[in-house]
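Enquirer: build me a model from this:
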Amino acid sequence: QERLVDSGGGVVQSGGSQRLSCTASGFLLDAYAIGWFRQAPGKEREGVLCISSTDPRTYSLDTAKGRFTASRDHTGNAAFLQMDSLKPEDTAVYYCAARAARCSWTWRDYEYWGQGTQVTVSS
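Expert: All right, here's what the predicted structure looks like:
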């Protein structure tokens, strides 16, 4: 059964770092674009970063540029989101998602989703 599992969330102070993990089972994550999304209370789900399946480029929204980095672990069938210089406005539930096509900022375009992991940034 295809599945994504998010982990690594927690409480971190403003200016700190957090590393999220996304582990796949039942399918090969290398063949998929991996999108990282987040949803804060009362807000729409938004994409923050995507790593392509066909080339090493990543795509990020302005809010993530220079602070968030996405990567893959090819042997472990996993992906990671490194978040640095965190701000209180980064507080949200973070999700990884997989899509058998190019990166998209539309969350409905993704076939597989992790369950989400809460990141809380205290001021």
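Enquirer: CA atoms for contacts and neighbours, from now on please.
Expert: Fine.
Enquirer: please, where are all the strands along the chain?
Expert: Under the criterion DSSP state E, strands of the chain are mapped to 3-7, 10-13, 18-25, 33-39, 46-51, 58-60, 68-73, 78-83, 92-99, 112-113, 117-122.
Enquirer: where does this protein dip in pLDDT?
Expert: Per-residue confidence for the chain (pLDDT under 70) gives these ranges: 56-57.
Enquirer: who's in contact with the residue nearest in space to the middle of it?
Expert: Per CA atoms, centre = their mean, the C-alpha nearest to the average position across the chain is that of residue 36, at 2.6 Å. By CA atoms under 8 Å, 6 or more residues apart in numbering, the contact list for residue 36 reads 47, 48, 49, 50, 81, 94, 95, 96, 97.
Enquirer: can you tell me how far the fifth one is from residue 68?
Expert: Think residue 81. The spacing between residue 81 and residue 68, counted by CA to CA, to the nearest Å, is 7 Å.
Enquirer: can you pull up the bridge partners for residue 3?
Expert: Following DSSP bridges, residue 3 is listed with bridge partners residue 25.
Enquirer: residues near it, how many?
Expert: Counted by other CA atoms under 10 Å, the residues lying close to residue 3 total 14.
Enquirer: hang on, it packs against residue 114?
Expert: Yes - under the criterion of CA atoms under 8 Å, residue 3 lies in contact with residue 114, with a separation of 7.3 Å.
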